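>>> okay, here's the prediction I keep looking at, along with the sequence it came from:
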There are 2 protein chains.
Amino acid sequence: MKLIKNAIGRMVPDEINGEKQIPFMGVNKYKPEGKTIGTQIKSCFEYPFDGNKTVASIKEALIKAGIKDGMTISTHHHLRNGDLVTNMVFDAVKELGIKNIRWFPSASFPCHEHLIPYLEDGTIHHIEGSMNGPLGRFTTKGKMKGVGVLRSHGGRYAALQNGEVKVDIAVISAPTADPFGNANGVDGKSACGLIGFALGDSEYADKVIVVTDNLVPFPCVPWQIQGNNVDFVVNIESLGDASKIVSGTTEVTKSPDRLLIAEYIAQFLDDSGIMKDGFSFQAGAGGTNLAFVVYLKERMKAKGVKARFVRGGSTKYLVQLLEEGLTDYILDGQTFDLEGVRSMRENPNHVNTSPFTSYNFNGKGNFASIIDAAVLGATEVDVNFNANVVTHSDGFLLHGIGGWQNCLYGKCTILAIPTFRDRIPVIVDAVTTVCGPGELIDVIITERGIAINPLRKDLLDAVKNSNLPYKTIEELKEEVDLICGGEPVKPKVNKEKVVAVVKWVDGTVIDSVFAVED
Amino acid sequence: MKLIKNAIGRMVPDEINGEKQIPFMGVNKYKPEGKTIGTQIKSCFEYPFDGNKTVASIKEALIKAGIKDGMTISTHHHLRNGDLVTNMVFDAVKELGIKNIRWFPSASFPCHEHLIPYLEDGTIHHIEGSMNGPLGRFTTKGKMKGVGVLRSHGGRYAALQNGEVKVDIAVISAPTADPFGNANGVDGKSACGLIGFALGDSEYADKVIVVTDNLVPFPCVPWQIQGNNVDFVVNIESLGDASKIVSGTTEVTKSPDRLLIAEYIAQFLDDSGIMKDGFSFQAGAGGTNLAFVVYLKERMKAKGVKARFVRGGSTKYLVQLLEEGLTDYILDGQTFDLEGVRSMRENPNHVNTSPFTSYNFNGKGNFASIIDAAVLGATEVDVNFNANVVTHSDGFLLHGIGGWQNCLYGKCTILAIPTFRDRIPVIVDAVTTVCGPGELIDVIITERGIAINPLRKDLLDAVKNSNLPYKTIEELKEEVDLICGGEPVKPKVNKEKVVAVVKWVDGTVIDSVFAVED
């Protein structure tokens, strides 16, 4: 492994886990050649003609799927921190004495701390997917056998489609399924809304196992996952802890600073002319994001403005917009609360989407670039508008990318961030890890003011009569440095030891995460 | 081209249109190896980031798609006999002076007689798809430049998926679409219900053109075709003649013979125990099929039996079953009347399906084999239960296969046929063209009695107390021969000149259609 400097000056490895890597070349500069991968052609007579693909246990399904050392197993994060299935899968893998699995989750959660012994004993070789919380600490300390790979939701779909990651066995947790393998997330005691993160795996993995705790007679309608792509179905007692799968309810922030940020966002969208009939925006589930939706709604009602669509992660606040006629559609990638699940189940205008429709950069366009405004977060932003979402200033890898990189293609990308957290500045000279290049980040909205990227002269023009506190990003940084006493202390890292890489949406390596030393 | 004898003794060519062919080897005997084909990997920056893929005309779209001599163009039959789009496409192809196109429709209709001059002048080299009515006569007379290829709906999907047919340009007529290419058949003045026959083309064609007469702002919901697979969108005045796209209403037969057949079917399903709680059946749109649904419904109500699902072609009769609570779901492959369209638009339990879900024999199972009873038609049946759906006894190719071959995998396959038509026997010693092997055909129901395939001892047992007129197929044949004066007169055919082949669901050649001489 050699470290080379990529197009934004970050040192990235030319090879990891035995596979050659392409350094980031700049936004829209790299175009993969070749064809999407095919899958083994099957014949129906290899499957039960009566459509019953059930097997007795996860372990049996893994055996029938031909599990062996060194394979890639994928799982998905629809069950979020309530997921028990992934842990059961690796318990079975361990029992079978299988080693060196590449785990390819769409995201990981603190509940997956359970897997640390398997990372230690070589059952799991490395993780390609978010390494949140405990797994992130483990990885950053240099303890994982292989190098982690972080991809956006869209990048993950492209990696499947392009054959960059060949999944041997996909395990899909499905709140409802039929014996043929049709499955959805809207019904059942473990309902999570949708299961679109598993779509690519169902299409491209060699073997696909659906695990459910609500087996219904064929057909399971709607079929968010199609049984025609499924090999085995396992019916178990419980997929996990329902209270941690979706929130009972989500609430707006109570922090006065964050409420101020939320108000600024709403006013910015209004003042800039983005909030107009037929517009669209994306909002996540953070407290600030929820609050901005509440403020924006008031402005929409006051001006008689209706959105054409809003993108979730959905919550009751988006559902209210839909039900009050303030948007024609919710295009939802992930459901965060029970109201979101109910709405998706009942309302045909609350539409489930997937990383394919929303984020795949190697398709014929995707939804992300059509959106008028995307409101996102960040752990750090630098004076060139480059932003970080995966590491903290202490060097630790604590979050996944999610759809964040993909959303940067929205027509106006807004980072809603406090200027500091726990006395540590969020606006810095250089971010610990670059996840998104500054040229795609248009507006930084903080409690101390708003900085518009100088590249966006059109936005600067559009708000010239606005009374919001516009500042340069350098001015914001100066203010926060004064408050916090300067830049965050740099962690002691081993610049020779890459513990994980961050891929850009096109599959190139945009930055490295290095081992943090004690 | 050499003719060889396949596993059921039919003479089939070893090569057509320059491509090697595999003779039929028997039911479930041939398993294609290899992988499904990939498509060229795209990058989003090759497409408009604002999602607007509209171009001014079909001709412009064809030019941008890079049309050239010898390419394959696919179209679909959702607009049935009201289709104007296919004719417009080939008018443009002709204008551009392009030659030797392989036309790959999902089906053709009499309205496509318009294309005969293009078949004559070499604009179109040959058709792979049904050659109905006028196109069938043209083909059977040996006038088409290449050899026609008939596939079932499932076989067509598999041919796309397996790379047997590589489509260069797919043109998808969409009653509603958005500028990104998301499209559906449920809305708009040309609403036809669903457009699932185009699914495989949208996934596997190199370039995909959506043509609509109802362009709506993004997003078009539901998106039966996904814009992420679409290159260009064309907005035109009218897709075709709405009155010929779907019937205003469909009606049951008035023929006393056919009503008798319909009654027999309903009673057979009841007597045999197939009609029980949670059962399923498939019914088409022919007058007999519609009538049997009416009779079956009375029996279901009388016995308090509810189906789990029914499969369409949907009509108002299936919609009534759904709305009266006599089935949980309609799984619909094609909508035949306005009530079907309305129901699909309004009722989430009226679910649109595709040849992938329903019929693809090279997937991990399909819906067709899960169905308890499939009621189908035929032009001829022989004493070994082999059946024909594409030619008449005069040798002329007049119909497509549709989903017929695929449905033969149902748990009980019933052919509902009159014993003769226009004084010509339907039950014969040997069918003109074998489309389905007798071992997959379980029951023949005619106005003169019911013949159960001796292979189905379970069915013979199940009905031993039934008072229906059970006969052997030989007895039925004897009766009809007496009435009609013997077997139909054999047409004068050139056994050296294959004008078309019939593929089995697995891609092998089950029979040939030969030129009929004057």
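Great, that's in hand. Please read these numbers as outputs of a predicted model, since none were measured by experiment.
>>> what average pLDDT does stretch A:204-224 get?
Stretch A:204-224 carries an average pLDDT of 98.
>>> CA atoms only for that stretch, dumped as CSV, please.
Provided in CSV are the C-alpha atoms of stretch A:204-224 (Å, rounded to 0.1, in the frame of the first residue of the first chain):
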residue,chain,number,x,y,z
TYR,A,204,-27.0,-8.3,-7.3
ALA,A,205,-26.1,-10.7,-4.5
ASP,A,206,-25.6,-14.3,-5.4
LYS,A,207,-27.8,-15.7,-2.6
VAL,A,208,-30.5,-13.7,-0.9
ILE,A,209,-32.0,-14.7,2.5
VAL,A,210,-35.1,-12.9,3.8
VAL,A,211,-35.6,-13.0,7.6
THR,A,212,-39.0,-12.1,8.9
ASP,A,213,-41.0,-12.2,12.1
ASN,A,214,-44.3,-11.8,10.3
LEU,A,215,-44.7,-14.4,7.6
VAL,A,216,-48.0,-13.9,5.6
PRO,A,217,-49.5,-16.0,2.9
PHE,A,218,-48.4,-15.2,-0.7
PRO,A,219,-48.6,-12.4,-1.8
CYS,A,220,-47.0,-10.0,0.6
VAL,A,221,-48.2,-6.7,-0.7
PRO,A,222,-46.6,-4.3,-1.3
TRP,A,223,-43.4,-6.1,-2.3
GLN,A,224,-40.7,-3.6,-1.6
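>>> A:Val319 contacts A:Ile330, doesn't it?
Yes: using Cβ atoms under 8 Å, A:Val319 is in contact with A:Ile330, at 7.3 Å. C-beta: built from backbone N, CA, C; applies to glycine.
>>> find residues that contact each of these two.
A:343, A:350 (Cβ atoms under 8 Å, 6 or more residues apart in numbering or on different chains).
>>> just confirm yes or no for the longest strand along chain A near chain B.
Secondary structure of chain A per DSSP state E: the longest strand is strand A:493-503. No: contact of strand A:493-503 with chain B (Cβ under 8 Å from any Cβ of the partner chain) is absent, the minimum separation being 14.7 Å.
>>> and that strand, which strands flank it?
Strand pairing for strand A:493-503, determined by DSSP bridges: strand A:148-150 (parallel), strand A:509-516 (antiparallel).
>>> surely A:Val252 and A:Gly286 touch.
No: no contact is recorded between A:Val252 and A:Gly286 when judged using Cβ under 8 Å, the distance being 9.8 Å.
>>> could you pull out the helices for the stretch 51-200 of chain A?
A:58-64, A:85-95, A:116-120, A:133-140, A:153-161, A:199-204 (DSSP state H, counting those that start in this stretch).
>>> count of neighbours near the nearest residue to A:Ile245 once chain neighbours are set aside?
Nearest-residue entry for A:Ile245: A:Gly82, 3.8 Å, with adjacent residues in sequence omitted and distances by Cβ to Cβ, 6 or more residues apart in numbering or on different chains. Number of residues near A:Gly82 (other Cβ atoms under 10 Å in any protein chain shown) recorded here: 20.
>>> need the contact list for A:Gly82.
Counting by Cβ under 8 Å, 6+ apart, A:Gly82 makes contact with A:111, A:190, A:239-245.
>>> and of those residues, the nearest to A:Ala159?
Nearest to A:Ala159 among those is A:Cys111, at 24.2 Å by Cβ to Cβ.
>>> okay, that closest one and A:Lys145: tell me how far apart.
22 Å (Cβ to Cβ, to the nearest Å).
>>> which one's more surrounded, those two?
Between A:Cys111 and A:Lys145, counting by other Cβ under 10 Å, A:Cys111 is the more crowded of the two (20 against 13).
>>> contacts only, for the residue nearest to the more buried one when sequence neighbours are not counted.
Leaving aside its sequence neighbours, A:Cys111 sits nearest to A:Asn81 (Cβ to Cβ, 6+ apart; 5.0 Å). Counting by Cβ under 8 Å, 6+ apart, A:Asn81 touches A:109-111, A:241, A:244-245.
>>> pipe these into JSON lines and attach pLDDT per row.
Shown next, in JSON lines, are the contacts of A:Asn81 (pLDDT from 0 to 100):
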{"residue": "A:Phe109", "pLDDT": "94"}
{"residue": "A:Pro110", "pLDDT": "94"}
{"residue": "A:Cys111", "pLDDT": "96"}
{"residue": "A:Asp241", "pLDDT": "93"}
{"residue": "A:Lys244", "pLDDT": "92"}
{"residue": "A:Ile245", "pLDDT": "91"}
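>>> tell me the two of the residues you listed that are most distant?
Across those, no pair lies farther apart than A:Pro110 and A:Ile245, at 13.8 Å, counting by Cβ to Cβ.
>>> neighbour count winner among the two?
Between A:Pro110 and A:Ile245, counted using other Cβ under 10 Å, the more crowded position is A:Ile245 (25 against 14).
>>> make sure the more buried one is actually in contact with A:Leu79.
Yes: A:Ile245 lies in contact with A:Leu79 (Cβ under 8 Å); the separation is 5.0 Å.
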